[in-house]
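Novice: Predicted coordinates and the sequence they were generated for:
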Amino acid sequence: MMNRQIIITAAIFGMLGVIAGAFAAHGLKPLLDPQQLEIWHTAVQYQFYHVFALLFLSTIKDFRNNLVRTTYYLFTLGIVLFSGSLYLLACRDLLGWRWIIAMGPVTPLGGLMFIAGWITMGLAALRKN
């Protein structure tokens, strides 16, 4: 059951990543400066890295292992916090949301979740029989 949930989550984030990348290339390019586009690109890039990590996680057969579940939640929250905050930061001028700069600390929290997810995935693989 967990395998299916992980794959569905990866599929949704993968689809959203393609949409976000295309949106930047075709819709946002004339509206954002190069630095903002680079921030957006970083968000898309890390989103895809962790979509692939989720797909790899789904191959671990022992889903009763709490480390697999923990890894799933860490990667999922990492995508939302890391990539999500970067998407908002890249578009804050465009949206007129100058206050969004206060979200800056959210990005490193998402990054820490990614790091913790990689650690727990490694530990899950080590615990696998």
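Specialist: Received the coordinates, thanks.
Novice: Tell me the helix or strand right after the lowest-mean-pLDDT helix or strand in the chain.
Specialist: Least confident helix or strand of the chain, by mean pLDDT, DSSP states H and E, is helix 84-95 with a mean of 86. Scanning forward in sequence from helix 84-95 by DSSP states H and E, the next helix or strand is helix 106-127.
Novice: Buried residues of that following helix, list them for me.
Specialist: Across helix 106-127, burial judged by 16 or more other C-beta atoms under 10 Å covers 106-107, 110, 113-114, 116-118, 120-121, 124-125. Backbone N, C-alpha and C define where each C-beta goes, glycine included.
Novice: In space, not sequence, find me the middle residue of the protein.
Specialist: Nearest residue to the geometric centre of the chain (C-alpha atoms, centre = their mean): Ile79, 2.1 Å.
Novice: Help me confirm that that residue comes into contact with Gly110.
Specialist: Yes: using C-beta atoms under 8 Å, Ile79 is in contact with Gly110, at 7.5 Å.
Novice: Spit out the residues that contact these two alike.
Specialist: With C-beta atoms under 8 Å, 6 or more residues apart in numbering applied, the contact sets of Ile79 and Gly110 do not overlap.
Novice: Ramachandran angles for Ser58?
Specialist: Main-chain dihedrals, Ser58, degrees, to the nearest 10: phi -70, psi -10.
Novice: Ignore what I typed, I meant Leu32.
Specialist: In this entry, Leu32 is assigned phi and psi values of phi -110, psi 150 (degrees, to the nearest 10).
Novice: Counting neighbours, what do you get for it?
Specialist: Leu32 sits with 18 neighbouring residues when counted by other C-beta atoms under 10 Å.
Novice: Equivalent analysis for Arg98, please.
Specialist: Counted with other C-beta under 10 Å, residues neighbouring Arg98 total 9.
Novice: Could you report the neighbour count for the nearest residue to it once chain neighbours are set aside?
Specialist: Nearest non-adjacent residue to Arg98, counting by C-beta to C-beta, 6 or more residues apart in numbering: Arg92, 6.4 Å away. Residues contacting Arg92 under the criterion other C-beta under 10 Å number 17.
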